[in-house]
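Enquirer: Kindly return the folded structure for what I paste below:
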Amino acid sequence: MKWFTKKKKNDKPFKKDEVTRGLLVFAHPTTVISVEELLRDEGYEIRVVSPPPEYRTGCDLSVEFPLEAEAAITELLHSVNMVPLDVVPITGKGMEPLQFIRTKDYGDYLMVRAANMKITVDKRTREIVNISGGGCPDVPYLATAMIGKRLRDAPEPAEIAFSLCAYSLNTAKEELVKMIGD
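Expert: So this is what the prediction gives:
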């Protein structure tokens, strides 16, 4: 049982100078992906973000979480051996995590970027016209498996590959589906 209450839709917004969020910093992207799944399954409102430069450890992902849940979350992570390298409150402008997802509208085409992976679709047909970015060896395979297919017919990148690039591309595809449907 969680000791904190989840934010409701009608709750007042937080003041900008209030410290309400924190970052869980890990050494490996696979750990971040597992932590994201675990915390979402447990009902926590979290998001995967790019940490500020001073907290990068080679892994360009961290987990942003509600600071009020720090004790419960860290206890849970310790119990499953997914201990963060650091737990950092987001205290000021320089500490803000970097935007993980960005979009660019090119008229007939929409591009979504998650980390270094980009996916572009024709907005009318929902066909994937380009995949680029990243540096993982599976990027050409992902592109070959997805380009030319409609969003609904393309495989989920996280189901056919297991790299940070596949995770990022999967996140970008999910964002596209939220924005324009499949």
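Enquirer: tell me the contacts of the residue nearest in space to the middle of the chain?
Expert: For the chain, the residue nearest the mean C-alpha position is Val48 (3.6 Å; C-alpha atoms, centre = their mean). Applying C-beta atoms under 8 Å, 6 or more residues apart in numbering, we find Val48 in contact with 32, 36, 61-64, 100, 171. Yep, even glycine has a C-beta here, placed from its N, CA and C like the rest.
Enquirer: go with 6 Å
Expert: Residues near Val48 by C-beta atoms under 6 Å, 6 or more residues apart in numbering: 36, 61.
Enquirer: Direction included, what does the helix or strand harbouring it pair against?
Expert: Following DSSP states H and E, one finds Val48 within strand 47-49. In the sheet, strand 47-49 lines up against strand 62-66 (antiparallel) (DSSP bridges).
Enquirer: Which strands or helices does the helix or strand following the strand it pairs with pack on?
Expert: Following strand 62-66 in sequence order, the next helix or strand is helix 70-79 (DSSP H and E). Taking 3 or more C-beta pairs under 6 Å, 6 or more residues apart in numbering; DSSP states H and E as the contact definition, helix 70-79 has no neighbouring helices or strands.
Enquirer: In helix 70-79, which residues are buried?
Expert: 72-74, 76-77 (16 or more other C-beta atoms under 10 Å).
Enquirer: just how off-centre is the strand holding Val48 within its chain?
Expert: Averaging C-alpha positions (C-alpha atoms, centre = their mean, to the nearest Å) puts strand 47-49 4 Å from its chain's average.
Enquirer: Which pLDDT value belongs to Ser79?
Expert: According to the prediction, Ser79 has pLDDT 96.
Enquirer: And the one 5 residues further on, by the same measure?
Expert: The pLDDT attached to Pro84 in the predicted structure is 93.
Enquirer: for the one 3 residues further on, same thing?
Expert: Among the per-residue scores, Val87 shows a pLDDT of 91.
Enquirer: Identify the bridge partners of it.
Expert: Bridge pairing for Val87 - DSSP bridges - gives Leu24.
Enquirer: neighbours around it, how many?
Expert: Residues contacting Val87 under the criterion other C-beta atoms under 10 Å number 17.
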